[in-house]
Every structure is written in C-alpha cells, then in structure tokens.
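[1] Based on what follows, work out the 3D shape:
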Amino acid sequence: MTPSSGTAPSHFDLAVIGSGSGNTIVDDSFADWKVAILEKGTFGGTCLNVGCIPTKMFVHPADLAYAAAHADRLGVETTFERARWPEIRDRIFGRIDPISTSGREWRASGRPNVRLFEGHARFTDERTLDTGTGETITAEHVVIASGSRPQIPDVPGLDDVPFHTSDTVMRIDELPTRVLILGGGFVSAEFAHVFSAFGAHVSVVNRSHLLLREEDRDVATRFTELAQDRWDVRLDTTITKLEPARGLVESRSDQGVRAHLDDGTTVLADLLLVATGRRSNSDLLDVDRTGVEVGERGLVLVDEHQRTTADNVWALGDVSNTFQLKHVSNAEARTIRHNLQHPDDLVTTDHEHVPSAVFSQPQVASIGITEEEARAAGRRFVVGRHDYAGTAYGWAMEDEHSFVKVLADPDTGLLLGGHILGPQAATLIQPLIQAMSLGQTAHDVALGQYWIHPALTEVVENALLALEG
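    Numbering: from 1, shown residues only. Model prediction:
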C-alpha cells in the first residue's frame with residue numbers, strides 16, 4: 001500500500017536489490033539492522049536458476065553420454081542410446097526450484113528484521129526506491145545486485161521466429177533434433193556440448209574466426225578445431241535474415257527456423273539458441289536518479305571497495321563487473337558485508353586473480369593473462385607447456401589433444417597466467433590459482449610439494465617444470 005499523503009516512506013538501514021549473491025550479504029551479523037530485499041523475478045539469482053548450477057547439472061549427463069559414445073577407442077564396447085530429456089530436466093529443476101522457493105519463504109517470513117518486496121525496484125531519488133509493490137522506501141545504504149540478462153542482438157527477422165536464450169532453453173519440453181546456436185562464447189560452447197551429446201545436430205554461427213576467443217590463442221584455436229570435428233561450425237559468419245520454417249522434415253517441432261547466412265548458405269533448425277552474451281540490468285533501475293554512474297556496456301561504476309559514485313550506494317556482480325562469475329559475485333558480497341559494518345576499516349575485492357572455466361567438451365579453464373595480452377602489454381614472460389599425452393594418466397585416456405600452458409615472469413618466477421584445455425581442467429587449474437593468489441613461484445609450486453603419481457595433476461607439474469628451460 002502506498003503511504004498516504006504526509007506519511008514518510010518506510011526507512012531501512014539496508015536495502016538490497018537482487019536475491020542472488022546480494023542475498024548472501026545479510027547474515028546473522030545484521031540481526032540489529034532493518035533490512036529490505038527487493039526481487040522482481042525468481043528468488044536466488046542467475047546462478048541458481050538459469051546459470052551455473054542447472055547448466056552443470058545438464059553437462060554431467062552429457063559428459064556420460066559423450067563418453068559412452070566414444071569408449072570404443074579404449075576397447076570398451078558401449079553405445080549411447082538416447083537421452084530422456086524430460087527426466088533429465090525434471091531431475092534438475094526438481095532440486096533447484098524448491099531451493100529457490102525455500103529461500104524466498106525464508107526471507108519473506110524467517111527473519112523479523114528482514115522484509116521482502118517482490119516487485120520491479122527503481123530509484124526515484126537519493127537512496128529512495130519505488131519497490132514495484134505500490135510502496136516507496138528509503139534506506140541508509142543500498143546495494144545494487146540486480147544481475148544481468150541475455151543480450152539480444154539486432155538480427156533481421158529475429159522478432160518473427162521463436163528463439164531461446166540460456167534463461168529459457170533448459171526448460172523446453174523435448175530434445176530438439178536440429179539446434180542452431182548464435183554466438184561463440186562459453187554459453188554457446190556448453191549448450192553445443194549438451195545438445196550434441198544427447199543426439200541433436202548442432203550448428204554454431206560465430207562472427208569471429210575463433211570460438212572462445214577471449215581465451216589464450218592456443219586454447220581457443222585447439223578448442224575451435226575440435227569443435228569443427230563435432231559440430232557444424234560457421235566462423236567469420238553472420239546471419240543476414242531469420243524466417244519461420246515450419247514443418248521441417250527432421251524436426252519434431254512445427255516451429256522451425258531458417259537462417260540465411262552472409263556466405264549465401266542457409267541453416268535449418270527446430271530450435272534457435274541466442275547466446276551472444278549478457279548485459280547489465282542497470283538500465284532497468286533508473287540509477288541516475290540516485291547519482292550512480294554507469295560506464296561501458298551499462299556497467300555500474302564501482303571502486304575497489306564496491307562503492308558506487310553515490311554516497312552509501314554499493315554494487316556487486318554482473319550489474320557492475322565484466323566477469324559474470326558467481327565466485328566473483330560472492331567475493332564482492334563478502335567485501336560489501338564487511339565494509340557496511342566496518343566503515344573505518346574498508347577491505348577490497350581481489351579482481352587480479354580471477355579464474356574461470358568452460359564446461360564443454362573438452363573443458364577449458366584459465367587464470368591470469370594470456371600470451372597475447374602479455375605481448376600487448378610489453379611484459380617479459382616465459383612459457384611452459386605440457387600435453388596430457390606426456391603423462392601416465394594421459395596415456396590411460398589416450399588423450400591426443402589436451403594440454404596445460406603456463407606463463408611466468410622470468411625474473412621473479414611468479415606465474416602470470418595458466419590455461420588448460422582438457423578433461424578436469426576446472427579442477428586441475430586449482431594449484432595455479434593458489435600459487436598466483438598466494439604469491440608462490442612456479443619453482444616452489446612444482447618442487448615444493450608431492451604430486452601424486454600417476455594422477456592427472458602431473459600434467460600441471462610438468463608444465464611448471466617446463467618453465468625452467
């Protein structure tokens with residue numbers, strides 16, 4: 001209910017816009033704070049509902065399906081029969097949806113000092129918010145943690161055809177026969193793996209000459225080569241027109257799509273996935289009314305303490321950083337939690353040693369700078385590289401394509417970057433993350449501890465030892 005004329009808006013010590021990592025700020029230490037949490041959509045944020053958690057729950061069965069279809073080279077006669085998509089989907093969201101629901105219920109009724117507003121929040125003045133529920137509130141501190149949404153490109157005909165984004169594609173009713181993916185980043189790579197492993201024919205249209213082009217060039221090149229062997233990959237290509245193509249012979253859907261490409265060819269599909277990145281939700285909040293400035297790509301500008309340009313307004317996560325990674329958002333939330341309660345002892349978020357991973361086939365993981373970035377910055381560096389095939393466990397897998405690549409400063413021995421392509425990459429990179437975060441030299445990491453033989457981690461050890469040459 002809107003306050004009557006002359007009645008001041010409800011005032012809070014803290015208002016948090018967004019229920020993803022922003023929700024994690026408010027723990028028991030805020031028991032004496034009056035807190036408002038504002039959420040317009042599904043409780044729990046991108047990661048829980050449409051991002052890292054459900055996607056990896058699809059990737060795991062896709063990995064099993066892929067392994068079953070490719071075990072013959074190891075002398076094991078297994079085959080992939082089919083994927084029971086509704087069963088896979090329902091198992092995943094049968095676990096995720098209750099978590100989201102219980103989180104919402106806990107915030108709505110579990111804490112007497114916390115009030116949940118379920119509406120589209122917008123700033124109307126300095127630290128004043130229209131909650132989208134008919135009520136306006138004010139707050140001493142505001143945290144903007146409203147996340148991001150899929151970026152929809154300007155493609156002729158896109159408005160005339162059915163399409164999905166990563167926000168919707170995981171809840172489809174049946175496995176498509178032919179999938180067309182627009183984009184060549186991590187979302188594209190992961191869903192291309194899932195759908196192709198489950199038996200769909202996948203086409204990827206990418207305007208650049210490499211998939212995963214933000215990765216180290218050696219990694220992106222190898223990944224692209226392997227992807228071309230598995231999927232129909234169209235590089236340096238754009239879609240000039242999309243149109244409905246109902247009744248495709250191979251389609252289980254009556255809502256097919258025909259894509260006309262700039263090379264004169266066409267691609268038919270019964271599912272179009274637009275995977276061209278995500279954009280900050282800052283433009284949905286009228287942040288300018290509270291003095292918050294935004295920069296490139298609509299990202300809210302923050303300093304090293306997560307403060308915006310407006311007094312007592314903070315921001316974290318996809319709305320303000322380029323990483324779009326849950327572990328970064330969580331770290332920024334911890335920074336804000338501390339700084340809200342210790343204004344005379346502010347801490348900063350470490351954005352220097354941020355790792356990332358792509359859960360495709362093969363996996364990719366990275367931390368630090370790439371070789372190309374090192375060269376562009378004029379930094380001196382040495383490279384160590386080792387193939388999985390050069391280790392005993394690599395022999396066991398008959399791996400012919402995977403590798404670890406590390407960059408180090410030749411004067412200090414400190415690692416500058418680590419890049420892995422291959423099985424378990426997201427796990428294997430952890431020793432490199434630790435080394436860079438704790439300031440350990442490559443020599444100390446390689447020789448200052450045991451590496452279990454013949455575990456796959458030896459490939460990391462050998463890449464580090466290769467730096468000494």
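
[2] So, low pLDDT: which residues of the stretch 101-250 of the chain?
    The model of the stretch 101-250 of the chain has pLDDT under 70 over residues 247-250.

[3] Tell me where it has helices.
    186-197, 217-230 (DSSP state H, counting those that start in this stretch).

[4] Among those helices, which comes closest to residue 263?
    Among the helices of the stretch 101-250 of the chain, the nearest to residue 263 by Cβ to Cβ is helix 217-230 (15.5 Å). (C-beta placed from N, C-alpha, C; glycine too.)

[5] now for that closest one, which elements pack on it?
    If you count contacts as 3 or more Cβ pairs under 8 Å, 6 or more residues apart in numbering; DSSP states H and E, helix 217-230 packs onto helix 186-197, strand 364-368, helix 371-376, strand 403-408, strand 415-421.

[6] try 7 Å
    If you count contacts as 3 or more Cβ pairs under 7 Å, 6 or more residues apart in numbering; DSSP states H and E, helix 217-230 packs onto strand 415-421.

[7] Quick check: next helix or strand after the strand it packs on?
    Next along the chain after strand 415-421, taking DSSP states H and E as the criterion, comes helix 425-428.

[8] a markdown table for the helices of the stretch 101-250 of the chain, including mean neighbour count and distance to residue 449?
    As requested, these are arranged in a markdown table below (neighbours: other Cβ atoms under 10 Å; distance: least, Cβ to Cβ, whole Å):
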| stretch | mean neighbour count | distance to residue 449 |
| --- | --- | --- |
| helix 186-197 | 26 | 31 |
| helix 217-230 | 18 | 26 |
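
[9] Make TSV out of these and add distance to residue 445.
    Formatted as TSV, the helices of the stretch 101-250 of the chain follow (distance: least, Cβ to Cβ, whole Å):
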stretch	distance to residue 445
helix 186-197	27
helix 217-230	20
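
[10] for those helices, which one sits closest to residue 24?
    helix 186-197 (23.4 Å).

[11] who does the closest one touch, helix- and strand-wise?
    Applying 3+ Cβ pairs under 7 Å, 6+ apart, one finds that helix 186-197 contacts helix 52-69, strand 178-182, strand 201-205, strand 356-358.

[12] follow-up on the earlier one: of the helices of the stretch 101-250 of the chain, which approaches residue 29 most closely?
    With Cβ to Cβ, the closest approach to residue 29 among those belongs to helix 186-197: 34.8 Å.

[13] could you list every residue that touches residue 19?
    Residue 19 sits next to 37, 39, 43, 44, 45 when contact means Cβ atoms under 7 Å, 6 or more residues apart in numbering.

[14] try 10 Å
    By Cβ atoms under 10 Å, 6 or more residues apart in numbering, the contact list for residue 19 reads 37-45, 48-49, 100, 103-104, 107, 116, 118, 145-147.

[15] Strands of the stretch 51-200 of the chain, start to end?
    Counting by DSSP state E, counting those that start in this stretch, one finds strands in the stretch 51-200 of the chain at the ranges 114-117, 122-125, 128-130, 136-144, 148-150, 178-182.

[16] Using a markdown table, please lay out these together with distance to residue 450 and mean neighbour count.
    Supplementary listing: the strands of the stretch 51-200 of the chain in a markdown table, determined by distance: least, Cβ to Cβ, whole Å; neighbours: other Cβ atoms under 10 Å:
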| stretch | distance to residue 450 | mean neighbour count |
| --- | --- | --- |
| strand 114-117 | 48 | 22 |
| strand 122-125 | 55 | 18 |
| strand 128-130 | 55 | 23 |
| strand 136-144 | 44 | 23 |
| strand 148-150 | 42 | 19 |
| strand 178-182 | 43 | 25 |
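
[17] Point out the most buried one among the helices and strands packed on helix 186-197.
    Per-stretch averages of neighbours, counted by mean count of other Cβ atoms under 10 Å, single out strand 178-182 among the helices and strands packed on helix 186-197, with a mean of 25.

[18] could the helices and strands packed on helix 186-197 go into JSON lines alongside distance to residue 231?
    Below are the helices and strands packed on helix 186-197 laid out as JSON lines (distance: least, Cβ to Cβ, whole Å):
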{"stretch": "helix 52-69", "distance to residue 231": "12"}
{"stretch": "strand 178-182", "distance to residue 231": "9"}
{"stretch": "strand 201-205", "distance to residue 231": "5"}
{"stretch": "strand 356-358", "distance to residue 231": "15"}
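
[19] among the helices of the stretch 101-250 of the chain, which is nearest residue 341?
    Using Cβ to Cβ, the helices of the stretch 101-250 of the chain put helix 186-197 closest to residue 341, at 35.0 Å.

[20] Show me how far the closest one is from its chain's centre.
    Relative to its chain's centre, helix 186-197 lies at 13 Å (Cα atoms, centre = their mean, to the nearest Å).

[21] Kindly report the same for stretch 436-452.
    For stretch 436-452, the distance from its own C-alpha centre to the chain's C-alpha centre is 28 Å (Cα atoms, centre = their mean).

[22] Pretty sure residue 204 is one of the things residue 190 touches, is it not?
    No: if you go by Cβ atoms under 10 Å, residue 190 and residue 204 don't touch, sitting 11.8 Å apart.

[23] Give me the common contacts of those two.
    Common contact partners of residue 190 and residue 204 (Cβ under 10 Å, 6+ apart): residue 275.

[24] if we can go back for a sec, just so I know, which of the helices and strands packed on helix 186-197 lies nearest residue 240?
    Nearest of these to residue 240, taken as Cβ to Cβ: strand 201-205 at 10.7 Å.

[25] and the closest one, which strands flank it?
    strand 178-182 (parallel), strand 232-234 (parallel) (DSSP bridges).

[26] can you redo the ones you listed as TSV with distance to residue 284?
    Formatted as TSV, those follow (distance: least, Cβ to Cβ, whole Å):
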stretch	distance to residue 284
strand 178-182	24
strand 232-234	33
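
[27] so which of these gets nearest residue 336?
    Across the strands paired with strand 201-205, closest to residue 336 is strand 178-182 (Cβ to Cβ), at 35.3 Å.

[28] Is residue 335 part of a helix or strand, or is it coil?
    Assigned by DSSP: H, G, I helix; E, B strand; the rest coil, the conformation of residue 335 is helix.

[29] that older thread, in PyMOL, how would I select just the buried ones from the contacts of residue 19?
    Selection of the buried residues among the contacts of residue 19 in PyMOL, burial being defined by 16 or more other Cβ atoms under 10 Å:
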select buried, resi 37+38+39+40+41+42+43+44+45+48+49+100+103+104+107+116+118+145+146+147
